[in-house]
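Q: structure here, sequence nowhere to be found:
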Ligand SMILES: [Zn+2]
């Protein structure tokens, strides 16, 4: 009789075996999602088409110019698909020299991808000037949660320049493909920041990307510090690259041994200013570089540096024009 009483009751009590089975299913599904869905990177559609309009005036190789903008970052890239990219635009005063170099020396009229790695002046300072002076395809910046949005004039100037040109910024995060041109064997992967994550440090929002052309890869790190470096290693990304732009101007807050070993580069490029106030590059970074026997290029010693890559060979040229608006020479 107890049985019929129970079945009349409103609360349905699941049999113990079913509760256990459901719990097991939840655990198994979460594990599946963690290992096979969460880590299923770069399988979505690329953010942009590799066959869009092309602003590159280069020779069809992958050419990377690490511009000497003093204590700041600006890297111009000619892609083998005819498109081009500018990663950061130095300090406010560097905007005009960068525009002049790109326009007068490299004959650039259009920039397909403008990337502001993160919202610090030494990276986005000259972006407004660049945006005003060229035809721009797309602008890519990290997503910032409300409490991380800066109130600086520099940042507002960039947003104003974007709005004035009727452009919008695309947020990029780790696990996305920016471009995937299988025919030319050209691929651009975004490796950091983690989607929608709040970071204490603005530097850690830096967009980190790897450009691969045939058998060679270049890693661009902005000012990402050790926290996102660890996240990229732990995420299981393939971080291997031949050329590594050392994070944060060679500061010891970046370039953890774990990350640099995962990238396993042959060449290290340090972008920093002569006798800068921060002591960049720090001795910890330099000793790691010498321990790993990396060939090093530095904008403070060699001015603008060009790395030309045909997909196999990488050739460096140094001593190219300075684009440092704060320089006295
Ligand atoms: Zn910086």
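A: Alright, I've got the coordinates. None of these values were measured; they are calculated from a predicted model.

Q: how about the residues of the stretch 51-200 of the chain by the ion?
A: Within the stretch 51-200 of the chain, the residues that sit near the ion (Cβ under 5 Å from the ion) are residue 122. For the C-beta atoms, the positions are set from N, CA and C on the backbone; glycine is no exception.

Q: poorly predicted segments of the stretch 51-200 of the chain, please.
A: Low-confidence segments of the stretch 51-200 of the chain (pLDDT under 70): none present.

Q: doesn't residue 266 make contact with residue 295?
A: Yes: applying Cβ atoms under 8 Å, one finds residue 295 in contact with residue 266, separated by 6.4 Å.

Q: just the helices in this protein please.
A: 2-8, 16-32, 95-100, 121-124, 127-133, 153-164, 226-234, 257-263, 283-291, 299-302 (DSSP state H).

Q: wait, what's in contact with whichever residue of the stretch 201-329 of the chain sits closest to the ion?
A: Sorted by distance to the ion under Cβ to the ion, the residues of the stretch 201-329 of the chain start with residue 223, at 4.3 Å. For residue 223, the contact set (Cβ atoms under 8 Å, 6 or more residues apart in numbering) comprises 73, 117, 118, 120, 123, 203, 206, 247, 248, 249, 251, 254.

Q: hang on, residue 74 packs against residue 322?
A: No: at 11.5 Å, residue 74 and residue 322 do not qualify as touching, with contact defined as Cβ under 8 Å.

Q: neighbour count winner among the two?
A: Taking neighbours as other Cβ atoms under 10 Å, residue 74 and residue 322 compare with residue 74 leading, 33 against 18.

Q: that one and residue 261, how far apart?
A: 28 Å (Cβ to Cβ, to the nearest Å).

Q: number of residues surrounding the closest residue to the ion within the stretch 1-150 of the chain?
A: Per Cβ to the ion, residue 122 is where the stretch 1-150 of the chain lies closest to the ion, at 4.3 Å. When neighbours are defined as other Cβ under 10 Å, residue 122 has 25 of them.

Q: assess the claim that it and residue 90 are in contact.
A: Yes: judged on Cβ under 8 Å, residue 122 makes contact with residue 90 at a distance of 6.8 Å.

Q: joint contacts of the two?
A: Residues touching both residue 122 and residue 90 (Cβ under 8 Å, 6+ apart): 72, 73.

Q: tell me what the most centrally placed residue in the chain is bridged to.
A: With distances taken as Cα atoms, centre = their mean, residue 208 lies nearest the centre of the chain, 2.4 Å away. Beta bridges link residue 208 to residue 192, judged by DSSP bridges.

Q: show the pLDDT at it.
A: Residue 208 is assigned 98 on the pLDDT scale.

Q: if we can go back for a sec, compare the helices of the chain and give me the one nearest residue 194.
A: Residue 194 lies closest to helix 226-234 among the helices of the chain, at 5.9 Å (Cβ to Cβ).

Q: which elements pack onto that closest one?
A: Applying 3 or more Cβ pairs under 8 Å, 6 or more residues apart in numbering; DSSP states H and E, we find helix 226-234 packed against strand 186-192, helix 257-263.

Q: so which elements touch the last one?
A: Just to be clear, that refers to helix 257-263. Helix 257-263 sits against helix 226-234, with contacts defined as 3+ Cβ pairs under 8 Å, 6+ apart.

Q: what about the helix it packs on, average pLDDT?
A: For helix 226-234, the per-residue pLDDT averages 97.

Q: ok now it, how far from the chain's centre?
A: Centroid separation for helix 226-234 versus its chain: 13 Å, with Cα atoms, centre = their mean, to the nearest Å.

Q: show residues contacting it.
A: Applying Cβ under 8 Å, 6+ apart, the contact partners of helix 226-234 are 174, 191-194, 199, 201, 204, 206, 208, 239, 247, 253-256, 258-259, 262.
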